[in-house]
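> Any chance you can model this:
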Amino acid sequence: MSETIEETLQSKTFTDRMFRRLFWPTLMSAAGLALGDIADALFVGIRLGKVGLATMSLVAPVYMIYNVLDVGIALGTSVKYTQALGKGKAKKGVEIFSQMLIVAIVVSILVAVIGLLAMPYILRFLGAGDEGGELWNYTKEYLQIMFLGAPLTFLYFLLYYCVRCDDAEKLASTGFTVGYLTDVVASAVFIMGFKLDVKGAIYATVLGKAVGVCIFLFHFTRKWAILRFRPVKLNFKEIFSTLRTGMSSSVGYIGQFIALIVVNNILLRLGGEGALAQLNVVQNVSYVALAIYSAIGDTIQPLSGTFFAEHNRSALKRVMYLGIGLGIMCGSVISVAFAFFAPSICSLFGLRGDAITTGTFAVQIFCLSVIPAGLSITWSACFQTIKRERIVFLINQLRTFVCFLAFAIILSRFELKWFWYSFLGAELLTIAIWAPIVFFKKQKVSDRVFTYLLDVNSSDLSEMLSKSEEFCDTNGIDMKQTFSVIMCIEEVCQAIIENAFNRKGDEYIMLSLCAERNGSVVLHFRDNAATFNPFAMKTGQDYDDDEHLASLGIQMVKAKSKQFFYRKYASFNTLTVEIE
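Reported below is the predicted structural model:
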């Protein structure tokens with residue numbers, strides 16, 4: 001079997017199916033997030049008009065600071081947790097989650113206290129107008145409730161990201177989507193029904209987070225769930241490493257915070273509250289237009305983290321090709337649709353008269369930037385999990401801060417209509433800067449990795465064993481360790497073939513063999529059989545002779561292994577064995 005054919009079979013059998021399995025629940029979550037994001041502005045705009053939309057634009061920078069912390073903690077934790085499980089270190093993964101849960105709770109309480117105490121200074125910094133004015137009071141009411149709900153927001157994102165990486169994509173998606181749909185419905189009830197105005201918007205947001213957290217907590221009642229909270233001693237080196245991984249992406253929100261503050265003031269100068277209202281419409285369009293890329297990124301993140309831990313380069317590349325292709329196709333359709341319906345969208349958000357014409361132009365120009373933005377978002381998701389945090393940081397700072405702010409300041413010297421080209425200019429310049437750095441810098445490819453796809457119905461184990469032994473010899477692995485590796489491959493595969501497959505169709509076992517720098521050899525098995533954990537087999541007299549021998553073989557593998565770990569992940573059996 002040639003390498004090309006084998007990689008194609010790997011993609012069709014495992015990688016593509018894993019991508020689809022994770023993508024659809026994640027897309028549902030992204031759609032729920034987009035709906036939740038636009039619901040507040042939609043109902044506030046209908047109820048209060050320009051002043052309501054201006055208020056939503058003013059509080060947006062505070063969300064940027066929030067996202068630096070809550071998304072940074074959540075994303076970093078999920079990446080480290082996925083990598084730990086990909087290496088077969090479940091205990092390590094649980095320790096990471098437990099530590100970061102404590103960190104999230106402490107940080108969220110600090111955010112709430114500081115935010116409430118510094119409220120007057122925050123309002124002046126945001127440019128909320130004169131103290132006691134309509135815009136000031138609306139913004140103050142919103143932020144007070146927002147800070148009080150900080151612990152729920154931090155917990156919501158941490159649980160979502162980690163539950164999703166614990167083979168519970170459907171539950172995570174359900175909690176995320178139901179939480180944001182609750183936000184949408186509650187916004188309509190609180191704002192339009194109870195006439196709570198902007199207070200109703202933030203009440204609905206906090207309620208949605210509470211509902212989502214309750215759903216996520218159900219995961220911890222499942223017996224098979226690996227994710228658990230355990231009392232742990234804080235390891236600050238590990239905490240900072242996790243934060244660095246997450247913050248490489250989320251720290252871009254700091255730049256976005258500064259950029260929004262500057263842009264809000266620019267637009268107030270150029271067109272007053274009307275221009276600020278148009279910006280809010282564009283921002284809400286971006287939530288929906290870029291939701292597909294959020295879904296693709298959230299799908300790529302756990303898969304690329306798993307394949308990176310397994311040193312499976314071909315699967316990692318395949319995941320990226322799937323994400324990029326899907327993103328370009330969907331992004332094109334979404335951009336055209338929003339550009340065509342731009343006048344109706346502006347009217348829906350409460351713009352009237354000439355504001356609809358200028359708002360339509362702003363939305364249509366923004367649509368040109370959707371695909372370039374999506375490419376940067378998609379690549380960032382992969383870079384984050386393969387330990388290229390500096391590139392992630394560069395991309396996020398360029399597109400949301402440096403390039404965007406530079407274009408905004410330059411173009412604001414002309415008429416207001418030229419300002420809206422800032423989004424497109426920032427995205428194109430960002431790609432022009434990061435792409436050459438990434439693609440023209442040669443990456444070292446390890447030759448200490450061997451992969452093999454076994455077709456259970458048309459091949460036997462002899463070729464896999466022979467090539468595995470050849471790999472061990474090439475990498476200087478001694479005879480004793482080689483014997484243990486070959487025995488492990490033979491016994492595990494034999495146990496899977498005899499106990500899990502039914503020999504009726506496409507049945508495969510994929511092996512990744514990694515010679516680590518510390519001298520150990522790590523074996524990763526993945527198969528598309530029914531749920532079956534070879535290490536759960538027991539010896540006993542009630543077995544027939546074949547089952548008894550198979551279970552004895554697994555017991556021998558256990559004895560020779562430094563550690564072993566099984567989990568059902570993305571509908572496939574995944575087994576990791578480390579041999580010293």
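
> Quick one: the helices in the stretch 401-550 of the chain, in order.
403-411, 416-419, 422-439, 461-474, 479-499, 545-560 (DSSP state H, counting those that start in this stretch).

> Quick one, which of those helices gets closest to Phe257.
For Phe257, the closest of the helices of the stretch 401-550 of the chain is helix 403-411, at 11.2 Å, according to C-beta to C-beta. The C-beta positions use only the backbone N, C-alpha and C, and glycine is treated the same way.

> Flag every buried residue along the closest one.
403-408, 411 (16 or more other C-beta atoms under 10 Å).

> Let's have the helices of the stretch 401-550 of the chain in JSON lines, adding distance to Glu141 and mean pLDDT.
Formatted as JSON lines, these follow (distance: least, C-beta to C-beta, whole Å; pLDDT from 0 to 100):
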{"stretch": "helix 403-411", "distance to Glu141": "29", "mean pLDDT": "92"}
{"stretch": "helix 416-419", "distance to Glu141": "29", "mean pLDDT": "89"}
{"stretch": "helix 422-439", "distance to Glu141": "30", "mean pLDDT": "92"}
{"stretch": "helix 461-474", "distance to Glu141": "65", "mean pLDDT": "91"}
{"stretch": "helix 479-499", "distance to Glu141": "60", "mean pLDDT": "90"}
{"stretch": "helix 545-560", "distance to Glu141": "61", "mean pLDDT": "69"}
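
> shaky segments in this structure?
Low-confidence segments of the chain, defined by pLDDT under 70: 1-7, 9, 249, 252, 441-447, 503, 538-551.

> In a markdown table, list the helices of the stretch 401-550 of the chain along with distance to Asp166.
Listed next are these as a markdown table, based on distance: least, C-beta to C-beta, whole Å:
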| stretch | distance to Asp166 |
| --- | --- |
| helix 403-411 | 36 |
| helix 416-419 | 44 |
| helix 422-439 | 31 |
| helix 461-474 | 30 |
| helix 479-499 | 23 |
| helix 545-560 | 24 |
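
> So which of those is nearest Ala530?
Of all the helices of the stretch 401-550 of the chain, helix 479-499 sits nearest to Ala530, with 9.3 Å by C-beta to C-beta.

> For that closest one, which helices and strands make contact with it?
Judged by 3 or more C-beta pairs under 8 Å, 6 or more residues apart in numbering; DSSP states H and E, helix 479-499 is in contact with helix 461-474, strand 508-515, strand 521-527, helix 545-560, strand 572-579.

> Buried residues, that helix. List them.
Neighbour-count burial for helix 479-499, counted by 16+ other C-beta under 10 Å, picks out 481-482, 484-497, 499.

> Please work out which residues outside it touch it.
If you take C-beta atoms under 8 Å, 6 or more residues apart in numbering as the criterion, helix 479-499 is touched by 454, 456, 461, 464-465, 468-469, 472-473, 477, 509, 511, 513, 521, 523, 525, 527, 529, 532, 534, 537, 546-547, 550-551, 553-554, 556-557, 560-561, 573, 575, 577, 579-580.

> Who are the contact partners of the residue most central in space within the chain?
By C-alpha atoms, centre = their mean, the chain has its centre lying nearest to Asp298, at 3.1 Å. Counting by C-beta under 8 Å, 6+ apart, Asp298 touches 26, 29-30, 164, 381.

> how about those in TSV, adding neighbour count and distance to Ser304?
Shown next, in TSV, are the contacts of Asp298 (neighbours: other C-beta atoms under 10 Å; distance: C-beta to C-beta, whole Å):
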residue	neighbour count	distance to Ser304
Thr26	24	14
Ser29	26	18
Ala30	27	18
Arg164	28	14
Ala381	26	7
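
> Most widely separated two among these?
For the contacts of Asp298, the farthest-apart pair by C-beta to C-beta is Ser29 and Ala381; their separation is 14.4 Å.

> how close does Met479 sit to Val485?
11 Å (C-beta to C-beta, to the nearest Å).

> ditto for Tyr253
According to C-beta to C-beta, Tyr253 stands 46 Å off from Val485.

> Then Thr378?
37 Å.

> swap in Ile334?
49 Å.

> and if you look at Leu575?
From Leu575 across to Val485, the span is 14 Å (C-beta to C-beta).

> Please apply the same query to Gln256.
49 Å.

> can you give me the helices in the stretch 1-150 of the chain?
Ranges of helices within the stretch 1-150 of the chain are 3-10, 16-48, 50-86, 90-117, 119-126, 134-148, 150-164, based on DSSP H, counting those that start in this stretch.

> can you tell which of those is closest to Ser187?
Closest among the helices of the stretch 1-150 of the chain, using C-beta to C-beta: helix 16-48, at 4.4 Å.

> Which neighbouring elements make contact with the closest one?
Contacting helix 16-48 under the criterion 3+ C-beta pairs under 8 Å, 6+ apart are the following elements: helix 50-86, helix 150-164, helix 169-187, helix 197-217, helix 252-289, helix 291-309, helix 313-340.

> just to revisit the earlier point, so which of the helices and strands packed on helix 479-499 is nearest Thr182?
Using C-beta to C-beta as the measure, strand 572-579 is the one of the helices and strands packed on helix 479-499 that comes nearest Thr182, at 33.0 Å.
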